[in-house]
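Colleague: Provided below for reference: sequence and predicted model.
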Amino acid sequence: MDIFDYWLTNNYSAGARAGAFFCGLCFTMSQMSSTISNCGFATGMDMAGLLPKYVDIKRGALFCACISWACLPWNFYNSSSTFLTVMSSFGVVMTPIIAVMICDNFLIRKRQYSITNAFILKGEYYFTKGVNWRAIVAWVCGMAPGLPGIAWEVNNNYFHDSGIVKFFYGDSSSPF
């Protein structure tokens, strides 16, 4: 971008404008192709694995593209405060999931992971109808204390309890 700015500042000619346009177009196409190949292909494979009778990799990637436009994720990054709110809420949701996985690996299974059993339908890692309800309950219990902080971040008029806000931000003087 600095080179484009230099071109357009020092020599604002038709050639400089065309060069900046085509280089910008190449950068845009490069970013789009990288995103399509990295995100779309992975989502297409996941969806094809979930519903192989109805969805192939191409349809799954197209579905991901349509849903991503509906979600408008770039609106999360319009301001620094919105970005921090989104990142904090991401931590509130993901940290308990990671904690459950770490506890399962280190405490319950004692790092004895059988790769062959992971691909057996009703093997060692199969739970009640394929769902580990204990892990889901542990995740919800770990996530629940952070949810009021997310609600407060969205709208500060929900409540005025400074303890919840301090807990959400990880303040050491939190009463919890």
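Modeller: Now that the structure is in, tell me what you want to look at. Residues are numbered from 1 along each chain as shown.

Colleague: contacts and neighbour counts: CA atoms only from here.
Modeller: OK.

Colleague: contacting residues for the residue most central in space within the chain?
Modeller: Nearest residue to the geometric centre of the chain (C-alpha atoms, centre = their mean): residue 90, 7.4 Å. Contacts for residue 90 were tallied using C-alpha atoms under 8 Å, 6 or more residues apart in numbering; there are none.

Colleague: What mean pLDDT does the host helix or strand of it get?
Modeller: Assigned by DSSP states H and E, residue 90 belongs to helix 80-103. When pLDDT is averaged along helix 80-103, the result is 83.

Colleague: For it, list every residue counted as buried.
Modeller: Residues of helix 80-103 classed as buried: 85, 86, 88, 89, 92, 93, 96, 97, 100 (neighbour count, 16 or more other C-alpha atoms under 10 Å).

Colleague: Check which helices and strands the next helix or strand after that helix sits against.
Modeller: Downstream of helix 80-103, the next assigned helix or strand under DSSP H and E is helix 115-118. Counting contacts by 3 or more C-alpha pairs under 8 Å, 6 or more residues apart in numbering; DSSP states H and E, helix 115-118 packs against no other helix or strand.

Colleague: buried stuff in helix 115-118?
Modeller: Buried-residue list, helix 115-118, by 16+ other C-alpha under 10 Å: empty.

Colleague: ok, and what's touching it?
Modeller: Residues outside helix 115-118 that contact it (C-alpha under 8 Å, 6+ apart): 123, 124, 125.

Colleague: top of these by neighbour count?
Modeller: Among the contacts of helix 115-118, the one with the most neighbours (other C-alpha atoms under 10 Å) is residue 125, at 15 neighbours.

Colleague: what's the spacing between that residue and residue 50?
Modeller: 18 Å (C-alpha to C-alpha, to the nearest Å).

Colleague: any chance you could map the helices in this structure?
Modeller: 2-10, 14-35, 41-50, 57-71, 80-103, 115-118, 133-143, 147-154, 162-169 (DSSP state H).

Colleague: Of these, which is nearest residue 109?
Modeller: For residue 109, the closest of the helices of the chain is helix 80-103, at 8.5 Å, according to C-alpha to C-alpha.

Colleague: looking at this protein, which helix or strand is least sure?
Modeller: helix 162-169 (a mean of 77; mean pLDDT, DSSP states H and E).

Colleague: Enumerate the positions of that one that are buried.
Modeller: 164, 165, 166, 167, 168.

Colleague: check contacts around the last one.
Modeller: Pointing back at residue 168 there. 146, 149, 150.

Colleague: what about 10 Å?
Modeller: Applying C-alpha atoms under 10 Å, 6 or more residues apart in numbering, we find residue 168 in contact with 88-89, 92, 145-150, 152-153, 162, 174.
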